[in-house]
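>>> Give me the fold of what follows.
(one chain, ligands or ions: 1)
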Amino acid sequence: MKNIITLIIAALSLAISTHVVAAGPHIIPQPSYMEMASEGTFIINEDTKIVVYDDAWDAAEVFALDMQQYFGSKRPLRCAKRGNGIKVRTDKFVAEEGYELNIQPHEIFITGGSEAGIFYGLQTLRQLVVAYNGVIPCGYIADEPTFAYRGVHFDVSRHFFSVEDVKRYIDILAAHKVNRLHWHLTDDQGWRIEIKAYPELTAKGSMRKETLVGHGLRPEKWDGTPHGGYYTQEEVRDIVAYAAKRSMTIIPEIEMPGHAQAALHALPWLGCNDQIVDVWTTWGVTPEVMCAGKESTYEFLERVLAEVIELFPSELIHIGGDECPKDRWVECEHCQAKIKAEGLESEEELQGYLVARIERFINSKGRKMIGWDEILDGGVTPTATVMSWRGTEGGIYAAERGNDVVMTPMKLCYFNFYQTESREGEGLQIGGHIPFEMVYTWDPYAGFSEEARKHVIGVQCNMWTEYLKDMATVEKMLLPRLAAMAEVQWSANRRDEATIRERMESMRKFYEACGWNCAPYYFDGRK
Ligand code: TNX
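Prediction:
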């Protein structure tokens, strides 16, 4: 209510002072309310300051850096405690992550519901700065997100990406008002995070001998080139802090009990038969998984998670849980003994047992567990958060039961899929077909009852990197589809198919100004 009143007052004051024009500038994701004046501008010059009233220095400093990148040294924006310019403050009457942006001839006011709100207000302002080259029309914008969880995932196991690359990825996400980076740190093809208790994980598990060529030729061929890399704990802390400055939480994912062959290579006792395996050089689903019978596996997982929890302040901790073949467990005396001792019915229930036990550990550290939707198969606890990827059914089922869910169905959210039908110029990718329009028109609530909708905490797109070897390609897969996803996440209820094409032309210029690699297909009318 308070918000509406502020809106009306602001709209009225604009209407009185100036003639109001309907067509606003192009901001993506679409703000809740936008009204631009037909005259008056705020000009960013060498004296413009960002005046910080509350503790929102991080947001202000990031904006100053963005401006430095755009203007060069010509117009250095400084953050200050007083003075004139862009004034930022928080106000508890504004929605938690929302903001109001009021642009007047000599001052800009940004009021955020939190520092995150200020950050998003500044990101909107950044798009205006680029669109109008620093001469910003007066106006008023009020904005807040639809979903609290706005995620993008990044697989750094299949291919390793440097600290600089990850920061660049975070920059792109932050400009789209994304607030969760789901960081896929471990998989069959490489273990990427230093764990002090088990140095072998990175010493041995972060490097594979070579990589499968293409989708697997006949006969199969490998490239003969070793590939690897990992992040030290110091680097992880640096990246977590970098994201936090941009109001972004990093959710770490440690895959268990499947997708763990790199860990098994480093520590063979993690498997059922202590067999020596390679860090995998092929894509897909391997039968080599962690033993769920031996107590040593649980001790390992808890020690790893304890270090991970120390490094990542995120409330949610991702434990993977997907695609775990049970062949080894069927033949394993430890797994069979555990099934018997715990009165379980099947290997599927053994996975359920492992996941529930790990969840108790995570909870004991004051955190919450999230896993891929296979965690539903072995009987899920009421407190786990479920990431629905195989389709929407898992998410719907979980939400009906009262579990929180994040929707990321493969057919709509896998940004490693092709963007066009013809695939021309796209290079070799894993498969699939997700053009921009498909993302843009997706209703993440489809199939949910009114009651179950309350449990949909958010939406996410995923970047699996089997076929993505460098940042330029990753960016081309991300952009422009992330803009469509951002509107689903931030402004689901105000998406506008009639104007999106025109607005995307502005966004394309914005990407250019930022130096990000955006795919041309959508703009060329190719689907
Ligand atoms: C499925 S989504 C996987 C990943 C692959 C991806 C390729 C999920 C939980 N598992 O391991 O990289 O497909 O698109």
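>>> Figure out the length between the terminal residues of stretch 326-335.
Stretch 326-335 has an end-to-end distance of 10 Å (criterion: CA to CA, to the nearest Å).
>>> Check what contacts it and list those residues.
271-273, 287-289, 291-294, 336, 347-348, 350-351 (CB atoms under 8 Å, 6 or more residues apart in numbering). All C-beta spots, glycine's among them, are computed from the backbone N, C-alpha and C.
>>> tell me how far it is from the chain's mean position?
Computed by CA atoms, centre = their mean, to the nearest Å, the chain-centroid distance of stretch 326-335 equals 35 Å.
>>> Please apply the same query to stretch 108-120.
Stretch 108-120 has its C-alpha centroid displaced from the chain centroid by 21 Å (CA atoms, centre = their mean).
>>> what residues does that stretch touch?
So stretch 108-120 is contacted by 42, 54-56, 58-60, 62, 85-102, 121-122, 125, 136, 143-145, 174, 177, 179, 246-247 (CB under 8 Å, 6+ apart).
>>> how long is it end to end?
One end of stretch 108-120 to the other measures 14 Å (CA to CA).
>>> what is the rounded mean pLDDT of stretch 74-81?
For stretch 74-81, the mean pLDDT works out to 88.
>>> actually stretch 160-172, not the one I wrote
The predicted model assigns stretch 160-172 a mean pLDDT of 98.
>>> List the buried residues for stretch 410-424?
The neighbour-count check on stretch 410-424 (16 or more other CB atoms under 10 Å) flags 410, 412-420 as buried.
>>> Is that stretch in proximity to the ligand?
Yes: counting by CB under 6 Å from any ligand atom, the ligand has neighbours in stretch 410-424: 414, 416.
>>> Next one: the closest residue to Cys272 other than its chain neighbours, what pLDDT does it get?
Closest residue to Cys272 in three dimensions, ignoring its sequence neighbours and counting by CB to CB, 6 or more residues apart in numbering: Cys332, at 3.8 Å. At Cys332, the model reports a pLDDT of 98.
>>> okay, now Cys332: neighbour count?
The burial count assigned to Cys332 is 22, neighbours taken as other CB atoms under 10 Å.
>>> The one 3 residues further on too?
As a burial measure, the neighbour count of Cys335 was computed by other CB under 10 Å and equals 21.
>>> Pretty sure Ala263 sits in a helix.
Yes: the assignment for Ala263 is a helix, going by DSSP: H, G, I helix; E, B strand; the rest coil.
>>> ok, how many other residues are close to it?
Counted with other CB under 10 Å, Ala263 comes out at 31.
>>> That one and Lys204 touch, don't they?
No: at 9.5 Å, Ala263 does not count as touching Lys204 under the criterion of CB atoms under 8 Å.
>>> Leaving out sequence neighbours, find the closest residue to Thr408.
Gln460 (4.3 Å).
>>> partner strands of the helix or strand harbouring the one you found, parallel or antiparallel?
Using DSSP states H and E, Gln460 sits in strand 456-461. According to DSSP bridges, strand 456-461 forms sheet pairs with strand 149-155 (parallel), strand 405-407 (parallel).
>>> Trp464 is nearest to which of those?
Closest to Trp464 of the strands paired with strand 456-461 is strand 149-155 (CB to CB; 4.8 Å).
>>> List the contacts of the closest one.
With CB under 8 Å, 6+ apart as the contact definition, strand 149-155 has outside contacts at 161, 166, 169, 173, 177-184, 187, 251, 406, 408, 457-465, 478, 482, 485-486, 489-490.
>>> Of those, which count as buried by neighbour count?
Among those, the ones that count as buried by 16+ other CB under 10 Å are 161, 166, 169, 173, 177-184, 187, 251, 406, 408, 457-465, 478, 482, 485-486, 489-490.
>>> Which residues does stretch 216-223 contact?
By CB under 8 Å, 6+ apart, the list of residues contacting stretch 216-223 from outside reads 209-214, 281-283.
>>> near the ligand, which residues of the protein show up?
Residues of the chain lying near the ligand by CB under 6 Å from any ligand atom: 322-323, 372, 389, 414, 416, 430, 464, 466.
>>> Walking through the stretch 51-200 of the chain, point out its helices one by one.
Per DSSP state H, counting those that start in this stretch, the stretch 51-200 of the chain carries helices over the ranges 57-71, 115-131, 163-175, 200-203.
>>> Please compute how far the longest one lies from its chain's middle.
Helix 115-131 has its C-alpha centroid displaced from the chain centroid by 19 Å (CA atoms, centre = their mean).
>>> hmm, back to that, which residues are in contact with the residue nearest to Thr408?
Counting by CB under 8 Å, 6+ apart, Gln460 makes contact with 149-153, 180, 182, 387, 406-408, 413.
>>> So in terms of bridging, what pairs with it?
As for beta bridges, Gln460 partners with Gly151 under DSSP bridges.
>>> Please report the distance of it from the ligand.
Noted for Gln460: a distance of 11 Å to the ligand, by CB to the nearest ligand atom, to the nearest Å.
>>> try Ile44
With CB to the nearest ligand atom as the criterion, Ile44 and the ligand are 43 Å apart.
>>> The residue lying closest to that residue once chain neighbours are set aside: how many residues sit nearby?
Nearest residue to Ile44, sequence neighbours excluded (CB to CB, 6+ apart): Gly134, at 4.2 Å. When neighbours are counted by other CB under 10 Å, Gly134 registers 18.
>>> is it true that Gly134 touches Phe71?
Yes: using CB under 8 Å, Gly134 makes contact with Phe71 at a distance of 7.0 Å.
>>> Identify the contacts common to the two.
Ile44.
>>> So which residue is dead centre in the protein?
Nearest residue to the geometric centre of the chain (CA atoms, centre = their mean): Val152, 2.1 Å.
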